[in-house]
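# give me coordinates for this.
(one chain, ligands or ions: 2)
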Amino acid sequence: MSETKNAAPAMFCNQCEMSTPGGCGSDGQDIGTCLKDATLARLQDIMLYGVKGLSAYREHARELGADTRTVDDVISETLYFTMTNVNFDFDRHIAQLMKLGSAGVQVMDLLSDGHTNQLGIPTPVSVSQNRAEGKAILVSGHNLDMLHKLLQATEGRGVNIYTHSEMLPAHAYPELRKFTHLKGNIGKAWFDQDELFQKWPGALVVNTNCIVPEKKKTDYFDRLFTYKVTGAAGATQILDDDFEPLIRKALELPEISDFDSAETLVTGHHYKTVLGLAPQILEAVNDGRIRQFFVIAGCDAPGNAGNYFREMAESLPEDCVIVTSSCGKFRFNDIDFGTVPGTVIPRYLDLGQCNDSNGAVHIALALSEATSIPVNELPVAIVLSWMEQKAVIILLALFSLGIKNIYLGPKPPQFVNEAIFDFLVETFDLHLTGEASDDLANLLLERQVA
Ligand code: SF4
Ligand code: SF4
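Ligands and ions are numbered 1, 2, ... in the order given. As a prediction, this is how the structure comes out:
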């Protein structure tokens, strides 16, 4: 598996008394004292990473009142599975990972339904980008429930609210966008926080993961607030949904200046909205006006490697539709992709946040049912970017549904060894991304009509 270029130690485990000094694997051993080998150790690491991602979505689903008991049971069972001397069977590890993935499907559905039940079904909207005014709070993270509460608390207080990164899809929800002081979006994916937050003179709040610790040692932490589990030394934690300290800070700080761009971004193609376009989409697929859907979605991370996804999106022919979600879309969501020629169907569909990745599956299943074509034979290509453990549970969720032929990048996961990678290739036809032009040549179907 030279393709994965995995330079990490074969295994590392220090969880029990039988550990060798420094941890089993720390001296290059590929088997622990208990006889857990490197492959099982890594499969258990993947379980733990999947549980982390699942737990994040479970927390948000619970905030919206969802019954997560089945998911909770899978979380505790999976943690138990990784304890010392519980299981040494490769196939049972895979089965547990698929069970975890199924719980991922379930939790994303719970979260999606929680959002649409509480906030309405999103509709497409054009959002102002990098334009701001007045006293203001910039909200980063994924927590739409928190944003809803903040919009209620700030109504009529003379404070404007702006979104950052994964909060962009908030603008499409009817119960959020009815607040006229929810103004627009600022910045791109999470990792521009350090530079952006230095420049933003107003108050700041990060309500979930993907907070960037201050690097430049200047002073925006005195105007940075965190919510619930999120935290950073020097920032102020919001307790018991009391937003008054944050609002007072926003009112003390200067009005926003130097954010006067005329850019806009489009969002709001939740799968429940896209399914409303099903008859037109089906007709366009059947008569060849839509050749193929490209799901280009996932997390973004610092560096140039993510430019792969822009190159892929930019290179697609006009009869291809991009389906996206998560913060990876900021690599290409400034591009106007227009509509599929001869139709009113947008070529760019933003399903929403990372937890809305289930939307691509719902759309594919609806297409499969309407056309009687098996899901894995639909004209759909899947190219995913991954960054952290929410992406791990999303990938496990797709595997648990039997979705194959996924291209994953931009870098190989370091927690996958050769045995696991070979299994994923054989079972799920997983590919690591290469050059965007080569991958596109492999993925693009022949055009059906002249
Ligand atoms: S569980 Fe096994 S591999 Fe892990 S520290 Fe104990 S003996 Fe070593
Ligand atoms: S999509 Fe992933 S990397 Fe991006 S903000 Fe969400 S969790 Fe973080």
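# nearest spatial neighbour of the residue nearest the centre of the chain, skipping sequence neighbours?
Compute the mean C-alpha point of the chain, and by C-alpha atoms, centre = their mean the closest residue is residue 354, 2.5 Å away. With C-beta to C-beta, 6 or more residues apart in numbering as the criterion, residue 354 has its nearest non-adjacent residue at 3.9 Å, and that residue is residue 326. (Glycine included, C-beta is placed from N, CA and C.)
# that neighbour - how many residues pack around it?
30 (other C-beta atoms under 10 Å).
# now do it against ligand 2, distance only.
When C-beta to the nearest ligand atom, to the nearest Å is applied, the distance between residue 326 and ligand 2 equals 4 Å.
# leaving out the residues flanking it, which one is nearest to the residue in the chain positioned nearest to ligand 1?
Residue nearest to ligand 1 within the chain: residue 32 (2.3 Å; C-beta to the nearest ligand atom). Of all residues beyond its chain neighbours, the one nearest residue 32 is residue 24 (3.5 Å), with distances taken as C-beta to C-beta, 6+ apart.
# does the one you found touch residue 13 like I think?
Yes - Residue 24 sits in contact with residue 13 when judged by C-beta atoms under 8 Å, with a separation of 4.8 Å.
# can you list residues touching both of the two?
32, 36, 41 (C-beta atoms under 8 Å, 6 or more residues apart in numbering).
# what residues does the stretch 1-150 of the chain have near ligand 2?
residue 142 (C-beta under 6 Å from any ligand atom).
# mind giving me the packing neighbours of the strand or helix carrying residue 312?
When elements are defined using DSSP states H and E, residue 312 is found to belong to helix 307-315. Using 3 or more C-beta pairs under 8 Å, 6 or more residues apart in numbering; DSSP states H and E as the contact criterion, the elements in contact with helix 307-315 are strand 292-298, strand 380-385, helix 436-443.
# tell me the strands beside the host helix or strand of residue 139, with direction?
Under DSSP H and E, the secondary-structure element containing residue 139 is strand 136-140. Based on DSSP bridges, the pairing partners of strand 136-140 within the sheet are strand 160-164 (parallel), strand 203-206 (parallel).
# the stretch 1-150 of the chain: helices as residue ranges?
With DSSP state H, counting those that start in this stretch as the definition, the stretch 1-150 of the chain shows helices at residue ranges 38-63, 69-81, 90-119, 144-154.
# check those helices for me and report the most buried one.
Highest mean neighbour count among the helices of the stretch 1-150 of the chain (mean count of other C-beta atoms under 10 Å): helix 38-63, with a mean of 22.
# mind giving me the packing neighbours of it?
Of the remaining helices and strands, those touching helix 38-63 by 3+ C-beta pairs under 8 Å, 6+ apart are helix 69-81, helix 90-119, helix 389-400, helix 418-428.
# swap in 10 Å and give it another go.
In this structure, helix 38-63 packs against helix 69-81, helix 90-119, helix 144-154, helix 389-400, helix 418-428, with contacts taken as 3 or more C-beta pairs under 10 Å, 6 or more residues apart in numbering; DSSP states H and E.
# direction-wise, compare that helix with helix 90-119 and give the angle.
20 degrees (axes from the mean of the first three to the mean of the last three C-alpha atoms, to 10 degrees).
# just want the angle from helix 38-63 to helix 69-81.
What separates the directions of helix 38-63 and helix 69-81 is an angle of 150 degrees, with the same axes, to 10 degrees.
# now do helix 38-63: distance to the chain's middle.
Helix 38-63 has its average C-alpha position 14 Å from the chain's average C-alpha position, going by C-alpha atoms, centre = their mean, to the nearest Å.
# mean confidence for that helix?
In this model, helix 38-63 has an average pLDDT of 97.
# with stretch 261-268 instead?
pLDDT averaged over stretch 261-268 gives 98.
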